[in-house]
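Novice: Provided below for reference: sequence and predicted model.
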Amino acid sequence: RHRMQRFEWDPSTVKVDWALDGPVPWEGAPEALPGTVHIADSLDQLSLTGGKVAAGLVPERPFLLVGQMGVADPTRVPDGGEALWAYTHVPQRVRGDAATEGDGLPRVRGTWDEADLEAMAERVEARIESRAPGFRDRITARRVLGPRQLESMDRNLVGGAINGGTAGLHQQLVFRPVAGSGRAETPVRGLYLASASAHPGGGVHGACGANAARAALWHHRIRTPWRR
């Protein structure tokens, strides 16, 4: 129980959804558009952003993961339009804002009220606009979801954490979720851990559930060998 209480969550998340009246006007877009786009200035900038989040600072130029729904399935959007989302990570406990007065950005306080969400959405849109000039002109509707909203929609997203816990080395393999509980089986008969908090974590989609299913089937065969 004490080890579980020390379980460490991954960073929080802010997600923005848009309805667009046309495709995203990416600069230098490839002939075959990708369904997912990652936006960062460089690997160094990506590392710096991760360091700021770990230090409790809200990044002024956030790293983004962007999804274009119409690329994979055109039936999900009106003719000529696009459904777009993007998310970025923010600290679980905000200690400050990395933006300075010179950046000219509204301050984010970490309360994740409407003002904070609007300020963060502006940063996200500015990042996309820098790679897709004219993007903002195509927005017809927008929804912003912060850590509190995400958790209210899904109790598994604790504080807006979408990975089921940090992916740090101290919480991987046999140490996930904690030392001594690194398997799908639990002390409760018939109860298996299938969430992203189990090995190998949220970054390997479906693997945690597959491990739990294998464990459940294996134990069922042991208890009822005549049913094979």
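Specialist: Cool, got the structure.
Novice: correct me, but G201 touches L169?
Specialist: No. The pair G201 and L169 does not pass the contact test of Cβ atoms under 8 Å, sitting 11.7 Å apart. Backbone N, C-alpha and C define where each C-beta goes, glycine included.
Novice: So which of those two has more stuff around it?
Specialist: Residue environment comparison for G201 versus L169 gives the larger neighbour count to G201, 22 against 8, counting by other Cβ atoms under 10 Å.
Novice: what helix or strand is the residue lying closest to the more buried one once chain neighbours are set aside on?
Specialist: Once flanking residues are discounted, G201 sits nearest to A167: 5.5 Å by Cβ to Cβ, 6 or more residues apart in numbering. Here A167 sits in a region with no helix or strand, counting by DSSP states H and E.
Novice: what about A167, neighbour count?
Specialist: The burial metric for A167, expressed as a neighbour count using other Cβ under 10 Å, is 15.
Novice: Enumerate every residue touching it.
Specialist: If you count contacts by Cβ atoms under 8 Å, 6 or more residues apart in numbering, A167 has them with D10, G201, G202, G203.
Novice: On the three-state scheme, the residue sitting nearest the centre point of the chain is what?
Specialist: Within the chain, the residue whose C-alpha comes closest to the C-alpha centroid is I162; the distance, by Cα atoms, centre = their mean, is 4.7 Å. Under DSSP: H, G, I helix; E, B strand; the rest coil, I162 falls in the coil class.
Novice: Hmm, T13 and it touching each other?
Specialist: Yes. Contact between I162 and T13 holds when scored by Cβ under 8 Å: they sit 5.3 Å apart.
Novice: any residues in contact with both of the two?
Specialist: Contact with both I162 and T13 is made by residues Y87, L150, according to Cβ under 8 Å, 6+ apart.
Novice: least trustworthy helix or strand in the chain by mean pLDDT?
Specialist: Taking mean pLDDT, DSSP states H and E as the measure, the chain has helix 2-5 as its least confident helix or strand, at a mean of 69.
Novice: tell me the domain boundaries of the chain?
Specialist: For the chain, automatic domain parsing gives the domain ranges 2-160, 169-227.
Novice: Which of these has the lowest mean pLDDT?
Specialist: Ranked by mean pLDDT, these end with domain 169-227 in last place, scoring a mean of 80.
Novice: Cool, thanks, signing off.
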